[in-house]
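In: Let's see this in three dimensions:
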Amino acid sequence: MAAMKGASAYARVGVESGVISASPHQLIVMLFDGAKASIRAARIHIEAGNITQKGKSISKALEIVNGGLAAALDAERGGEVAQNLASLYDYIARLLLSANRHNEVAKLDEAEQLLDDIASAWREIDPQAQAAGG
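Out: Numbers count the residues shown, from 1 in each chain. Below is the predicted model of the structure:
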């Protein structure tokens, strides 16, 4: 048990260190990764019949999508792209809510795929990679 607590603390410090040293672009990538990890955990909990943990995992994914990704959008500077992403994040949130309500793995799959598609595009526009010539 002590080893588990130690590993958990180590992981937390690693995440916190990553956040502190991350660029704004990297922070968004971390949000995508966190949302997808929460969705994967929710899928596992649905399949295992662990409804309480499924709800917690979906709530975490919703918090990341709504409170992180959607909240980070700049409608003024982002224009139509930001509006389209806001609509997409809203749709993803509705998928997650439906998956939670009806234990629908297919809705989780769709939400994860959409997040993966957006994350892939986001990674391709990494300003640091472009500045470095890559």
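
In: For the strand or helix carrying residue 81, buried residues please.
Out: Under the criterion of DSSP states H and E, residue 81 resides in helix 75-102. Of all the residues in helix 75-102, those buried under the rule 16 or more other CB atoms under 10 Å are 82, 85, 88-89, 92-93, 95-96, 98-100. In short, each C-beta sits where N, CA and C put it, glycine included.

In: try stretch 41-58
Out: 41-43, 45-46, 54, 57-58.

In: roughly how far is stretch 73-82 from the heart of the chain?
Out: 20 Å (CA atoms, centre = their mean, to the nearest Å).

In: Stretch 53-65 too?
Out: Computed by CA atoms, centre = their mean, the chain-centroid distance of stretch 53-65 equals 9 Å.

In: residues making contact with that stretch?
Out: The contact list for stretch 53-65 (CB atoms under 8 Å, 6 or more residues apart in numbering) reads 31, 34-35, 38-39, 41-42, 45-46, 89, 92-93, 96-97, 99-100, 103, 108, 111, 115.

In: Tell me who's in contact with the nearest residue to residue 90 once chain neighbours are set aside.
Out: Counting by CB to CB, 6 or more residues apart in numbering, residue 90 lies nearest to residue 70, which is 7.4 Å off, once chain neighbours are set aside. By CB under 8 Å, 6+ apart, the contact list for residue 70 reads 85-86, 89-90, 93.
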